[in-house]
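# Just the structure for this:
(one chain, ligands or ions: 2)
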Amino acid sequence: MNKEYIVSPSLLATDPMNMGRDIKMLENAGAKWFHVDCMDGSFVPNFSFGYSIVSAINKLSDVTLDVHLMIDKPIRYIDEYVKAGADYLTVHVEADTEENIALTLEKIKSHGIKCGLSIKPKTPVSKIEKFLDKVDLVLVMTVEPGFGGQSFMPDMMGKLKELSDKLAIVNPACHVEVDGGIDVNTAKICKENGANVFVAGSACLKADDKKAFIDAIENN
Ligand code: DX5
Ligand code: ZN
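Ligands and ions are numbered 1, 2, ... in the order given. Now for the predicted structure:
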């Protein structure tokens, strides 16, 4: 199945005092999705966007909101992030028990939006395998979650390939997203290993020509 390639610029890399300006700039550059990182200072050692920011972004823009929850026991906050306007809501398989993750995914889907499941670098594929036919997006972290601007981990490519091969059989329409250290070069490597959605924070926001950056990944 030939999937569309999509760049999802990470709003974590925008200027916090000028986020609205940066959002418009990324829209004008042709961004189809925005990646919104939500961190709780517990699941990861950093804090970022709560649901009030997601709601403000949703009011400003019609771009698809790809919300990445890096929070413990995310089931507690699903209703709020849905209400705020998330289009894709992705939780971490490590963030709760297997039973509760299943309930969390069901809860997301019951709201009629897309659900995603993410896997940290040290987590084996076996942890996520049973959920592959139940999600709309699988997010393979290519850095330890928590901070932008880290180096891409090429040793995640085996896991990416294994997951995308399995998805091609059990859930071919599922998006395969990568996040962390993605630029034009690392996106190419991820594409070769089955990824079709590319989160890009630092590299995208630092690019002088953001349209050319997005085009280089989406149309090559
Ligand atoms: C990290 C976040 C990423 C981050 C990526 O925990 O999940 O989405 O913003 O930033 P870059 O592209 O700079 O690695
Ligand atoms: Zn992210």
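
# helix/strand/coil for the nearest residue to Pro154 once chain neighbours are set aside?
Nearest non-adjacent residue to Pro154, counting by Cβ to Cβ, 6 or more residues apart in numbering: Ile189, 6.9 Å away. Bear in mind the C-beta positions are built from the backbone N, C-alpha and C, glycine included. Three-state assignment for Ile189 (DSSP: H, G, I helix; E, B strand; the rest coil): helix.

# I'd guessed Ile189 sits against Met157; true?
Yes - Ile189 lies in contact with Met157 (Cβ atoms under 8 Å); the separation is 6.5 Å.

# how close does the residue nearest to Lys210 when sequence neighbours are not counted sit to ligand 2?
Nearest residue to Lys210 in three dimensions, chain neighbours excluded: Ala29, at 3.7 Å (Cβ to Cβ, 6+ apart). To ligand 2, Ala29 is 19 Å away according to Cβ to the ion, to the nearest Å.

# now swap in Asn18 and tell me
In terms of Cβ to the ion, Asn18 sits 20 Å off from ligand 2.

# and that residue, what does it touch?
Shown here is Asn18, which makes no contacts under the criterion Cβ atoms under 8 Å, 6 or more residues apart in numbering.

# residues near Val54, how many?
24 (other Cβ atoms under 10 Å).

# Can you tell me the element the residue nearest to the spatial centre of the chain falls in?
Nearest to the mean C-alpha position of the chain, by Cα atoms, centre = their mean, lies His68 at 5.3 Å. Assigned by DSSP states H and E, His68 belongs to strand 64-70.

# right, and the helix or strand after that strand?
Strand 64-70 is succeeded, C-terminally, by helix 78-84 (DSSP H and E).

# What lies in contact with that following helix?
Helix 78-84 is contacted by residues 38, 51-52, 54-55, 58, 67, 69, 89, 104, 107-108, 111, 113 when judged by Cβ under 8 Å, 6+ apart.

# In strands, which of those appear?
Within the contacts of helix 78-84, residues falling in strands by DSSP state E are Cys38, Val67, Leu69, Leu89.

# Tell me how far whichever residue of the chain sits closest to ligand 2 lies from Met1.
Proximity of the chain to ligand 2 (Cβ to the ion) peaks at His68, 3.8 Å away. Separation of His68 from Met1 (Cβ to Cβ, to the nearest Å): 24 Å.

# and what of Ala203?
Computed as Cβ to Cβ, the Ala203 to Met1 distance reads 27 Å.

# so who does the residue of the chain found nearest ligand 1 touch?
Ligand 1 sits closest to Gly201 of the chain, with a gap of 2.9 Å, by Cβ to the nearest ligand atom. For Gly201, the residues meeting the contact criterion (Cβ under 8 Å, 6+ apart) are Pro9, Ser10, Leu12, Ala13, His35, Gly148, Gly149.

# do Ala95 as well
Applying Cβ under 8 Å, 6+ apart to Ala95 gives the contacts Phe43, Leu69, Met70, Ile71, Asp72, Lys73, Pro74, Ile101.

# what number of residues lie near Glu94?
Using other Cβ under 10 Å, Glu94 is surrounded by 17 other residues.

# Helices of the protein, residue ranges please.
Secondary structure of the chain by DSSP state H: the helices cover 19-28, 51-60, 78-84, 98-110, 157-170, 184-192, 202-206, 210-218.
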